[in-house]
Structure formats: structure tokens, C-alpha cells
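Engineer: here's my sequence, what's the structure:
(one chain, ligands or ions: 1)
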Amino acid sequence: MNTPAALECSLFDRRILVVDDYELTRRMIVDALLQTGYTSVQEAMDGREALDKFRMGSHDLIITDVMMPNMDGMELLDRLHEIRADSSIILVTGQPEVDAGVAAMKRGAVDYIRKPFNIQDLLYKVEVCLRERHLLPEEDGQSALSNTQLTEKKKELSVHGHIYESFENIEGDNQQVFEKMAELALRVVDGGEATIWIFDAESDQFHPQVVRYAEGSSPDQTGNAINVIPFLYQVVDKREALVVQSPNGNGGAASLLCAPLVIRGAVFGVLAVRRKKYAGIFTSKDVHYIVSLTKRASLNLENKLLYESLFANVLDTFQSLVACVQMRDNYTQEHCRRVTKVSIRIAEVLGLELQDRECLKVAGILHDVGKIAIPDNVLLKPGKLTDDEYEVIKQHSSLGENVLKPIALFDREREIILHHHERWDGRGYPFGLVGTDIPLLSRIISVVDTFDAMTNNRPYRKALDIDTALDEIRRNRGTQFDPEVADAFLSLY
Ligand SMILES: [Fe+2]
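Structural biologist: Residues are numbered from 1 along each chain as shown. You can find the predicted model right below:
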């Protein structure tokens, strides 16, 4: 049995140079590296200073901005390669196009990250690059890598790229992240069995969350002779990966590789991969891939968790605003709940994607939040509104959009709220958009909103019966409402 502890130690001793003319960004990156445990981090404010420092220190990794005075990141990249052909450089690019990053890789950068970036993503890339370097033999500084080494390096980079991208836009819940992790683990190290064990710290027990077998493998073939549980505790204790090599790979139990899943410093699970029978032992490169995989997956789960708790908090706050409106007009809150529920059903009939349905959940609840700013004498007026008063009420969609403006999380929802009183024929408000220029989700809310208002008592009139209200929707199909959305709505009744 061996642990990659030695590798971890030397990893954090590697020399890193951070180059950026903007001091705040530079400091943020340097601080994050130091806090992560890297001990040798230097900084430079442009390409020229970076080059001077590199000549003296020959850093293992250079993280550089592209747009800088004196010497930009691209020129720096070329100059560094002139000095040392195997210099590892991560470019931080402000250009949104994917092509800019690809061009940087073609010019010899080991990786790139686009602004604005999540610092955890950058730290992940730094670690991957440094581990790559650690596995490669030290060069004499002038000679290029041999063809075999280059091919091997490209293969490794593509494996890491594949791992990184697999988690970048993963949709769905945590279970899907776990499943993706197990599947990838089997593929990248030619595993026979991959299990995600979730650690319950309270009961001090492990529960298998996902178990995956490679094609042609089954529980008896991967050799259950090794009892994995004691090793899982060891991984939790030491918080690092662990390899148990089978003494005779061909006959006995298959080798085992375990790596921790860590969120905010706490181990919440372990990925355990068994080698395929007859597939030999795990190499340090395999450990490297699995550690990279678990880190990336943990990062994804952590971001999800952060996003979800932040999102839930913010949504709670806005829901209490909606409740305030409800306390005033005794209608809005229940109305919003009903509108949300039925809008989601329409989205299902129309076959919309999960993210659209999620978006409706928020937009539906908050679509009338702007009413908080409408004065009582207008909002609660029992009789018919004057033209002026109607103009005031009409402001609630723009007001709602405004209330949500400071929250970047709700960009898409804001747009839907802004347009929920537009009409298909262009006679709605606030902008008089026509047809498909109106966001689809606004068109959905519009139908349900109108129907719900008609079928409930309002200060200015009594509720209509369901059939009369359905007739109204039918009659306004193609004028007030998107015909397709109206049909989807009518199909529910
Ligand atoms: Fe409204």
C-alpha cells in the first residue's frame, strides 16, 4: 500500500508566477494560491517584469493576463518558450470567444481561463498543470519534449480537459454528478467497478450512493476479496488518496484506488475504484486522474450547494415581499402560487426543458412583486380604475423588474416578469412587443395570469365561472394570447 503524500508535498513547493497589471486581480490570485498551501508564489505587473523574474527563478507555472501594457500575455508566452520550451503557462483571457482560448493553447499555453472566473476553477487548473509537470521528466531547459512525451502529454491534457468539461455544464441534481463521476472514473483508469461512498459523519458510517461496473465486469470478477470499508475510514482520516495494490494482479483481488470527496474542507464521501481483473496495478498517473476527477466533481457540488443556498435565501426574501402585497390585497400570494403551478404544467405540455420550468418557478411566484410599490388607493380600489390609475397599475411589471435588478441570479426571470403583460398582437405593455418577440415564458404566464384573475373575486368584480373564463381564453387566442400557448393551456381542462 502506498499514498501519494510525497507528491502532495512537492506539489505545493512548486514555483508559481502571477502576472497581471490590475493589482486587485493579481492579489486575489496570489492570496488564493497562498491560502491553498502553495509556498512559493511571486507576482509581476506586466510581461517585461515577468520575464526578468522568470530569468532569475525559472518558475514551474506562470499564470498571466493577456491584456497588459509594455508586454502582453501572448508575447510573454512566446518569450517564455524561447527561454524554456516546456514552460507551463495558463492564460487569463478577457475575450469571451472560445476561439481565443483555443488559439492560446495552440500557441503553447497549457490551459486558459476566461474572465470573469471562479477562483476555485483557476485553482483546479493550477493543480492539474502542476501535477502534469510533476509526472513529466525534468527537461534540460532548452530541448523540446520528445515525440512520445508530446503525444503522451497531449493525451493527458485531453483526459483532463474531458474531465473538466464533463462537469462544466452538468445539469440536474447531485445524483447526476455522482453518476457522471463513477462513469468517468471507470473510463479514465480502465476500472472494473466504481463506487461513490457517502460518509455520514454523525453515525460514522458509509453508504454506497452509486455503484457502476465496466462492461463485462461484475461483482465477482472485480474481486471482492479486499474489504474496502477500513480503507474508506483511512481516506477520511488522512483526507488524501490511497492505493491498495493487489499482490498478484492476475489471480487475487483487483487493485483498489480511493480518493476523498471534499466540500469546504470536510470529507463527505469517497470514490473507490477497483481495477479490472487482469488489468494490472494502478499507476501514479491513474491516481493523478482520479484525484483530478474527485476535485472537479467536489467543486461542482460545492458550487451547486452555494448557489442553491444563496438562491433559496434570496427567493425567501422576495417571497416575503410577495406576502406583504398579499397582506394588503388578500389576493396576490395565492394568485402567484396558482399561476406558477399551472404555468409549469403548460411548460410540460409544450415539452420545455428543465431550466425553463425552474425559471417559471421563480418568475411565476414573483411576477407581481412590483405591486409592492403601487399605492393602496389604486391597488385596493373597489370600483373601476380611471385611465390615470390604470397607468399606475401598469407600472407594476417594470417595477417588479427593477426590484430584482440587483440580483444577478434572476436575470432571466426579470425579463419574463417585465413582459408578462405584453400581448401577442402588440397591444400590451410596457413595450408593445409582438408575437415571438415576447419571451415564451412571459406568454405562458400571461395566459394563466388572465385566467386566474377572471376566475377569482377581485375588488372591482365577482369571479367568472370556469367555462366562461375558458371561452374568453379561446376568444383571445391569436390576439391577446400566443395561440400555441393558449391551446396548451386549454388542453389542461
Ligand atoms: Fe401582473
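
Engineer: from now on I want contacts and neighbour counts done on CA atoms only, so please keep to that.
Structural biologist: OK.

Engineer: show me what contacts Pro69?
Structural biologist: When the contact criterion is Cα atoms under 8 Å, 6 or more residues apart in numbering, the partners of Pro69 are 21, 46.

Engineer: swap that for Val447, sorry
Structural biologist: Taking Cα under 8 Å, 6+ apart as the test, what Val447 contacts is 473, 481, 485-486, 489.

Engineer: which element is it on?
Structural biologist: helix 440-454 (DSSP states H and E).

Engineer: how distant is the next helix-or-strand element following that helix from the center of its chain?
Structural biologist: Remark: after helix 440-454, the chain's next helix or strand is helix 466-475, criterion DSSP H and E. When distances are taken as Cα atoms, centre = their mean, to the nearest Å, helix 466-475 is centred 43 Å away from the chain's centroid.

Engineer: contacting residues around the helix or strand following helix 466-475?
Structural biologist: Per DSSP H and E, the first helix or strand lying C-terminal to helix 466-475 is helix 483-490. Here helix 483-490 makes contact (Cα under 8 Å, 6+ apart) with 346, 349-350, 443-444, 447-448, 470, 473-474, 477.

Engineer: where does the stretch 201-350 of the chain have low pLDDT?
Structural biologist: 217-226, 246-254, 277-279, 332-333 (pLDDT under 70).

Engineer: for Trp424, give me its contacts.
Structural biologist: Residues in contact with Trp424 (Cα under 8 Å, 6+ apart) are 433-436, 438, 443, 478-482.

Engineer: what about 10 Å?
Structural biologist: For Trp424, the contact set (Cα atoms under 10 Å, 6 or more residues apart in numbering) comprises 432-438, 443, 446, 476-483.

Engineer: surely it is within a helix?
Structural biologist: No. Going by DSSP: H, G, I helix; E, B strand; the rest coil, the assignment for Trp424 is coil, not a helix.

Engineer: with adjacent residues omitted, what lies nearest to it?
Structural biologist: Among residues not flanking Trp424 along the chain, Gly435 sits closest, at 4.6 Å (Cα to Cα, 6 or more residues apart in numbering).

Engineer: before we move on, what about Val177?
Structural biologist: Per Cα to Cα, 6+ apart, closest to Val177 is Ala297, 6.9 Å.

Engineer: over to Arg274?
Structural biologist: Leu256 (4.5 Å).

Engineer: wait, isn't Gln175 in contact with Val211?
Structural biologist: No. In this structure, Gln175 is not within contact of Val211 by Cα atoms under 10 Å, at 11.7 Å.

Engineer: more neighbours: those two, which one.
Structural biologist: Neighbour comparison, Gln175 and Val211: the larger count goes to Val211, with 17 against 11 (by other Cα atoms under 10 Å).

Engineer: which parts of the stretch 201-350 of the chain are helices?
Structural biologist: With DSSP state H, counting those that start in this stretch, the ranges of helices along the stretch 201-350 of the chain come out as 229-238, 284-329, 332-349.

Engineer: so which of those helices gets nearest Arg427?
Structural biologist: Shortest distance between Arg427 and the helices of the stretch 201-350 of the chain, using Cα to Cα, is found for helix 332-349: 22.0 Å.

Engineer: the inter-axis angle of that closest one versus helix 483-490?
Structural biologist: 110 degrees (axes from the mean of the first three to the mean of the last three Cα atoms, to 10 degrees).

Engineer: so which bits of helix 332-349 are buried?
Structural biologist: Judged by neighbour count (16 or more other Cα atoms under 10 Å), helix 332-349 contains these buried residues: 332-333, 335-336, 338-340, 342-344, 346-347.

Engineer: need the residues you listed in a markdown table with distance to Met68, can you?
Structural biologist: Output for the buried residues of helix 332-349, formatted as a markdown table (distance: Cα to Cα, whole Å):
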| residue | distance to Met68 |
| --- | --- |
| Thr332 | 53 |
| Gln333 | 52 |
| His335 | 54 |
| Cys336 | 50 |
| Arg338 | 54 |
| Val339 | 51 |
| Thr340 | 49 |
| Val342 | 53 |
| Ser343 | 49 |
| Ile344 | 48 |
| Ile346 | 51 |
| Ala347 | 48 |
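
Engineer: if we can go back for a sec, report the buried members of the contacts of helix 483-490.
Structural biologist: With burial judged by 16+ other Cα under 10 Å, the buried subset of these is 346, 443-444, 447-448, 470, 473-474, 477.

Engineer: deepest of the helices of the stretch 201-350 of the chain, which one?
Structural biologist: Among the helices of the stretch 201-350 of the chain, helix 332-349 has the highest mean neighbour count (mean count of other Cα atoms under 10 Å), at a mean of 20.

Engineer: before we move on, the earlier item: ok now the helix holding Val447, how far from the chain's centre?
Structural biologist: 31 Å.

Engineer: strands along the stretch 51-200 of the chain, start to end?
Structural biologist: 61-65, 89-93, 111-114, 191-200 (DSSP state E, counting those that start in this stretch).
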